[in-house]
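Enquirer: Predicted structure and sequence below. I'll ask about it afterward.
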Amino acid sequence: MKKNQRLIQGNEAIAFGAFYAGARFYAGYPITPSSEIAEICSRELPGLGGFYMQMEDELASMGAIIGASLAGSKSFTATSGPGFSLMQENLGVAIIGEVPIVVIDVQRSGPSTGLATKPAQSDFMQIRWGRHGDQAIIALAPATVRECFEFTVLAFNLAEKYRTPVVLAPDEIIGHMRENMEIPEPGELPVVERTEPQGEPADYRPFCFKEGCVHPLANYGSERIYHVTSSMNGEDGFSNNSPENAARRVAQLHTKLDAGREDIVMTESFDVEGCETLIVASGAPVRAARSAAKDARAKGLKVGVLQLKTVWPFPELEIAAAAKNARRIIVPEMNYSGQLAGEVRKLVNDKNMVRQVNSYNGQIIFPAQIAQAIQ
Amino acid sequence: MQRNYELIMAGSGGQGLVFLSSLLAQAVIEDGGNVAQTQSYGIAQRGGFISAEIVASDEEILFQQVVKPSLVVVLHECAGSRYDAVAAPVLYDSSLLAEKSRPNNWKGVPFSLIAADLNAPKAANMAALGAIIQTVPVASLDAVAAVVERRFAPAVAKINLTAVKNGMSAAKQVSQGGRS
């Protein structure tokens, strides 16, 4: 028997991963299929010296975690599509305020409240573009229970490192499935802590708009007093309407993620070397894709799989490299419109080489559906 | 020997199917295997069709769901007709589902009756667990016993383990052609 192997649910692994990363503040409004995360946080966080806050809705949940993070506590919330819609406004506040937070969106079938208990991957575009104003965000999507744990730790690390909200976007299958995994020991996975600002407290500025800059964040309540507003602001945090300042501010929100691209964009390749058919997938469909590719290779077909661990920023370079010799790219995803396929299509000259496999009835994608597209 | 099993457990919400599948999944791990457990359910808190699936393997599990079942367990009539076409053995609760002609691969085991005889009506799922490991060697009785003993208080564990063993005997009897 493997001594430390335990049966763990995806949502459970996310909660444990958050605790491992040092998250000690959760505010949320439970919603299927993410509710286990709230439940576990309500049970475990007080014992870890943390806080669980049951909020009146998702707007308030976001407000609470923004405040808690500014006060120095790694903070997060969990929701699903309907709640995620309600979080957009304050997610924008966190982006312009450069507040490190993690939002878990366990994707379920929509539109609106849709099929509450069924899986989907139809929130990718909302994660990227759900807010008004021009901004960028990081999003990760796990395909195994182990990845639920690891990616949650990574999400907190990236949030701290780049002072930005990070969205972890498992689908319902991955959130609710159980697999055997070994919980990593403390120290086994790197955990990024917030950088302490240096210098005279009176001289502290909460922001730096130099290209690619990530400025150290002081804790609310410390001797470094500063102001955060949702309106256009200068490096001192106070209102500033000059066009020069606005241009630098907006550009820096983008360039800080551009500068960290190598760190942020994660993919994994399975037999992509010289593949003629490349399957690009994220989340649960990665598993169906790998299974279909294995069968196809057994028949002598050159089929590889590229797993997008990071969905945003979109892994353009990695996909282009993996598709170098491909004659066809297959993109299986649980939505109608082909949200990922559309992004892949932008990268190739021959748009017809991208073939979609979509499921939008609340059902999973089976290997046979992908096998059909391979032929 | 390579272990590779795909199991479906189907019934009605509240029968403890997901719990059963999770105990079985833990027993697979106890035996050193890899496991993926999934479930499908609706928005009703009690009642309504529900299914749980187990994929158990000694290799890395790629696809998480059942493609070709090794065994199906049916605990409620609402799940009955869904599996008429499967080729794998189907174990059903003969003390709960209606008496009617079933395909040849369907074997009735009186899970609810076994539990009722132990004055533990909620342990029908444990009897089913016994019947499962009797029919396909997905996990050992030792592993199931270890998991049950960890999960329950001693008195309850004892009853549940008896239900598991009685489920095993009943399934063995049925497979040998006897009617229970």
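Expert: Done, it's in. What you are looking at is a predicted structure, and each value in this text was computed from that prediction instead of being measured. Numbering: from 1, shown residues only, chains lettered A, B, ... in the order given.
Enquirer: Residues contacting the helix or strand of chain B with the lowest mean pLDDT, please?
Expert: Taking mean pLDDT, DSSP states H and E as the measure, chain B has helix B:77-80 as its least confident helix or strand, at a mean of 89. For helix B:77-80, the surrounding residues in contact (CB atoms under 8 Å, 6 or more residues apart in numbering or on different chains) are B:10-12, B:48-49, B:51, B:74, B:92, B:96-98. (Each C-beta comes from the backbone N, C-alpha and C, glycine too.)
Enquirer: cutoff 7 Å now
Expert: B:10-12, B:49, B:51, B:74, B:97-98 (CB atoms under 7 Å, 6 or more residues apart in numbering or on different chains).
Enquirer: which is the next helix or strand following it?
Expert: Beyond helix B:77-80 on the C-terminal side, the first helix or strand identified by DSSP states H and E is strand B:90-93.
Enquirer: Each with direction, which strands does that next one pair with?
Expert: Sheet pairing for strand B:90-93, assigned by DSSP bridges, gives strand B:71-74 (parallel), strand B:106-109 (parallel).
Enquirer: Comparing those strands, which comes out most buried?
Expert: Looking across the strands paired with strand B:90-93 with neighbours counted as mean count of other CB atoms under 10 Å in any protein chain shown, the highest average goes to strand B:71-74: a mean of 25.
Enquirer: averaged over its residues, what pLDDT does it have?
Expert: Across strand B:71-74, pLDDT averages out at 98.
Enquirer: distance between it and the chain's centre?
Expert: Here strand B:71-74 shows a centroid-to-chain-centroid distance of 7 Å under the convention CA atoms, centre = their mean, to the nearest Å.
Enquirer: again, but for stretch A:257-267
Expert: Distance of stretch A:257-267 from the chain centroid (CA atoms, centre = their mean) equals 13 Å.
Enquirer: Stretch A:277-292 now?
Expert: Centroid separation for stretch A:277-292 versus its chain: 19 Å, with CA atoms, centre = their mean.
Enquirer: any weak-confidence spans in chain B?
Expert: Within chain B, the segments meeting pLDDT under 70 span B:1, B:45, B:178-180.
Enquirer: And for chain A?
Expert: Residue ranges of chain A with pLDDT under 70: A:1-3.
Enquirer: Spell out which parts of it neighbour chain B.
Expert: Within chain A, the positions near chain B by CB under 7 Å from any CB of the partner chain are A:1-2, A:5, A:7, A:116-117, A:173, A:176-180, A:287-288, A:290-291, A:294, A:364, A:366-367.
Enquirer: Now with 6 Å, please.
Expert: With CB under 6 Å from any CB of the partner chain as the criterion, chain A meets chain B at residues A:1-2, A:5, A:7, A:116-117, A:177-180, A:287-288, A:290-291, A:367.
Enquirer: Show me the contacts of helix B:77-80 that map onto strands.
Expert: Among the contacts of helix B:77-80, the residues falling in strands (DSSP state E) are B:10-12, B:49, B:51, B:74.
Enquirer: picking that back up, buried ones among the contacts of helix B:77-80?
Expert: In the contacts of helix B:77-80, burial by neighbour count holds for B:10-12, B:49, B:51, B:74, B:97, counting by 16 or more other CB atoms under 10 Å in any protein chain shown.
Enquirer: got the end-to-end distance for stretch A:311-328?
Expert: Terminal residues of stretch A:311-328 are spaced 21 Å apart (CA to CA, to the nearest Å).
Enquirer: That one: which residues count as buried?
Expert: Within stretch A:311-328, the residues scored as buried using 16+ other CB under 10 Å are A:311-315, A:318-319, A:322-323, A:326, A:328.
Enquirer: from those, which ones fall inside helices?
Expert: Secondary structure from DSSP state H places A:318-319, A:322 of those in helices.
Enquirer: would you list every one of the helices in chain B?
Expert: B:17-30, B:77-80, B:111-117, B:124-135, B:141-151, B:154-175.
Enquirer: Correction: the previous question concerned the stretch 1-150 of chain A.
Expert: Using DSSP state H, counting those that start in this stretch, the helices found in the stretch 1-150 of chain A span residues A:10-20, A:35-44, A:58-70, A:81-96, A:124-129, A:145-162.
Enquirer: could I get these as TSV with distance to A:Ala202?
Expert: Listed next are these as TSV, based on distance: least, CB to CB, whole Å:
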stretch	distance to A:Ala202
helix A:10-20	35
helix A:35-44	38
helix A:58-70	19
helix A:81-96	25
helix A:124-129	39
helix A:145-162	25
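Enquirer: Redo those as a markdown table? Include mean neighbour count.
Expert: A markdown table is the format used below for the helices of the stretch 1-150 of chain A (neighbours: other CB atoms under 10 Å in any protein chain shown):
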| stretch | mean neighbour count |
| --- | --- |
| helix A:10-20 | 26 |
| helix A:35-44 | 20 |
| helix A:58-70 | 23 |
| helix A:81-96 | 21 |
| helix A:124-129 | 20 |
| helix A:145-162 | 25 |
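Enquirer: do you know which of those helices lies nearest A:Pro216?
Expert: helix A:145-162 (10.6 Å; CB to CB).
Enquirer: Please list the residues outside that closest one that contact it.
Expert: Helix A:145-162 has contacts (CB atoms under 6 Å, 6 or more residues apart in numbering or on different chains) with A:8, A:10, A:13-14, A:17-18, A:20-21, A:74, A:100, A:102, A:138, A:140, A:142, A:166, A:168, A:179, A:181, A:189, A:192, A:194, A:214, A:256, A:260.
Enquirer: what's the domain layout of chain A?
Expert: Using automatic domain parsing, the domain parsing of chain A gives A:5-182, A:201-262, A:266-374.
Enquirer: Tell me which residues touch the nearest residue to A:Asp258 once chain neighbours are set aside, please.
Expert: Once flanking residues are discounted, A:Asp258 sits nearest to A:Gly212: 6.9 Å by CB to CB, 6 or more residues apart in numbering or on different chains. A:Gly212 is in contact with A:255-256, A:259, counting by CB under 6 Å, 6+ apart.
Enquirer: how about 8 Å then?
Expert: A:252, A:255-256, A:258-259.
Enquirer: how about TSV for those residues, with secondary structure and neighbour count added?
Expert: Converted to TSV, these look like this (DSSP: H, G, I helix; E, B strand; the rest coil; neighbours: other CB atoms under 10 Å in any protein chain shown):
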residue	secondary structure	neighbour count
A:Gln252	helix	22
A:Thr255	helix	17
A:Lys256	helix	23
A:Asp258	helix	13
A:Ala259	helix	16
